[in-house]
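S.K.: need a 3D model of the sequence below.
(chains A and B)
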2 protein chains.
Amino acid sequence: MKMHLGEQVLAEFYGCSVSAINDPGLIREAMLEAARRAKATIVADVFHEFNPHGISGVVVIAESHIAIHSWPEHGCASVDLFTCSEDMEPGAAVEYLKSVFQAERVEIQVVKRGRLDSMIAAPGAAFVESVV
Amino acid sequence: MKMHLGEQVLAEFYGCSVSAINDPGLIREAMLEAARRAKATIVADVFHEFNPHGISGVVVIAESHIAIHSWPEHGCASVDLFTCSEDMEPGAAVEYLKSVFQAERVEIQVVKRGRLDSMIAAPGAAFVESVV
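M.R.: Residues are numbered from 1 along each chain as shown, chains lettered A, B, ... in the order given. Take a look at the predicted model:
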């Protein structure tokens, strides 16, 4: 039984090629290709190059989004793959990006998003939660 | 001592006004204002309306990004606030969005991103990690 609306893979790529993760054209193409390899449907993208270095960008996909932030000065890139389709393959995107960035290693955290049991409950019901 | 490059606040807004979280203009303005309230510097944004319902969007900020996905059919919106500046105030953005979306409750997860101890270590050193 599906318990959540989506899943988010948070991947840190360490020991990357500095030139690779500071090249806005390469990063954009890599992120679009990563989306395809994850079997995502691309709907929009936006990338930004910072001065003096670093790239941020997001590919909006029908299944949510894929985002990147790179810190060439640290040889590190952080990637988010937020998916709300069980047919997607975020691992294929991570494998591909690891290769393109020539990363020495990748660390992964997986976070569940949007608890369905929380949505179908009656308004005002008590939950174990953090309320802002 | 700063141990990470950034921090990511993952917020789920439950019991939202369905009309609010299915209004692309309202969501974009709310996300831009949330970025300002969090003391972020906005650099770009992209929003997409899905058929028959649901909005995805991202505001790229100098400090990383703020993203949203809404599921009007569930009265739920998932928001990410990825920040790499300790001067930002993601809580102010969450409070503001809770009000605009008329959410009954918000659940928060906070994830650290980019371990600095992992970056300054010698290449090939052993870490406790998940390697893809």
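S.K.: residue nearest the centroid of chain A?
M.R.: Nearest residue to the geometric centre of chain A (Cα atoms, centre = their mean): residue A:80, 1.8 Å.
S.K.: how would you label that one: helix, strand or coil?
M.R.: At residue A:80 the chain is in strand, as set by DSSP: H, G, I helix; E, B strand; the rest coil.
S.K.: that one contacts residue A:65, correct?
M.R.: Yes - Residue A:80 lies in contact with residue A:65 (Cβ atoms under 8 Å); the separation is 7.2 Å. Where you see a C-beta, it was placed from the backbone N, CA and C, and this is true even at glycine.
S.K.: any shared contact partners between these two?
M.R.: residue B:67 (Cβ atoms under 8 Å, 6 or more residues apart in numbering or on different chains).
S.K.: hmm, back to that, just grab the bridge partners of the residue nearest to the centre of chain A for me.
M.R.: Residue A:80 has the following beta-bridge partners by DSSP bridges: residue A:10, residue A:67.
S.K.: also residue A:45?
M.R.: Beta bridges link residue A:45 to residue A:59, judged by DSSP bridges.
S.K.: and residue A:58, what does it touch?
M.R.: A:45-47, A:65-68, B:46, B:58, B:60, B:65, B:67.
S.K.: against residue B:70, how distant is it?
M.R.: 16 Å (Cβ to Cβ, to the nearest Å).
S.K.: also residue A:71?
M.R.: Taken as Cβ to Cβ, the span from residue A:71 to residue B:70 is 30 Å.
S.K.: how about the CA coordinates for the lengthiest helix in chain A, as PDB?
M.R.: Using DSSP state H to define each element, chain A has its longest helix at helix A:24-37. Only the C-alpha atoms of helix A:24-37 are listed here, as PDB (Å, rounded to 0.1, in the frame of the first residue of the first chain):
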ATOM      1  CA  PRO A  24      27.000  25.400 -16.700                       C
ATOM      2  CA  GLY A  25      26.500  23.900 -20.200                       C
ATOM      3  CA  LEU A  26      27.800  20.500 -19.100                       C
ATOM      4  CA  ILE A  27      25.700  20.500 -15.900                       C
ATOM      5  CA  ARG A  28      22.500  21.400 -17.600                       C
ATOM      6  CA  GLU A  29      23.000  18.700 -20.300                       C
ATOM      7  CA  ALA A  30      23.900  16.200 -17.600                       C
ATOM      8  CA  MET A  31      20.800  17.000 -15.500                       C
ATOM      9  CA  LEU A  32      18.500  16.800 -18.500                       C
ATOM     10  CA  GLU A  33      20.100  13.400 -19.400                       C
ATOM     11  CA  ALA A  34      19.900  12.300 -15.800                       C
ATOM     12  CA  ALA A  35      16.100  13.100 -15.900                       C
ATOM     13  CA  ARG A  36      15.700  11.000 -19.000                       C
ATOM     14  CA  ARG A  37      17.700   8.100 -17.500                       C
END
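S.K.: what separates that helix from the chain centre, distance-wise?
M.R.: Once both centres are worked out by Cα atoms, centre = their mean, to the nearest Å, helix A:24-37 turns out to sit 12 Å from its chain's centre.
S.K.: residues near residue A:52, how many?
M.R.: 8 (other Cβ atoms under 10 Å in any protein chain shown).
S.K.: picking up where we left off before, between residue A:71 and residue B:70, who's got more neighbours?
M.R.: Neighbour tally, residue A:71 and residue B:70, criterion other Cβ under 10 Å: the higher count belongs to residue B:70, 28 against 22.
S.K.: quick one on the thing from earlier: got a markdown table for the contacts of residue A:58, with distance to residue B:33 and pLDDT too?
M.R.: Formatted as a markdown table, the contacts of residue A:58 follow (distance: Cβ to Cβ, whole Å; pLDDT from 0 to 100):
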| residue | distance to residue B:33 | pLDDT |
| --- | --- | --- |
| A:45 | 23 | 95 |
| A:46 | 19 | 94 |
| A:47 | 23 | 94 |
| A:65 | 20 | 93 |
| A:66 | 25 | 96 |
| A:67 | 21 | 96 |
| A:68 | 25 | 97 |
| B:46 | 17 | 94 |
| B:58 | 15 | 95 |
| B:60 | 16 | 93 |
| B:65 | 16 | 94 |
| B:67 | 15 | 96 |
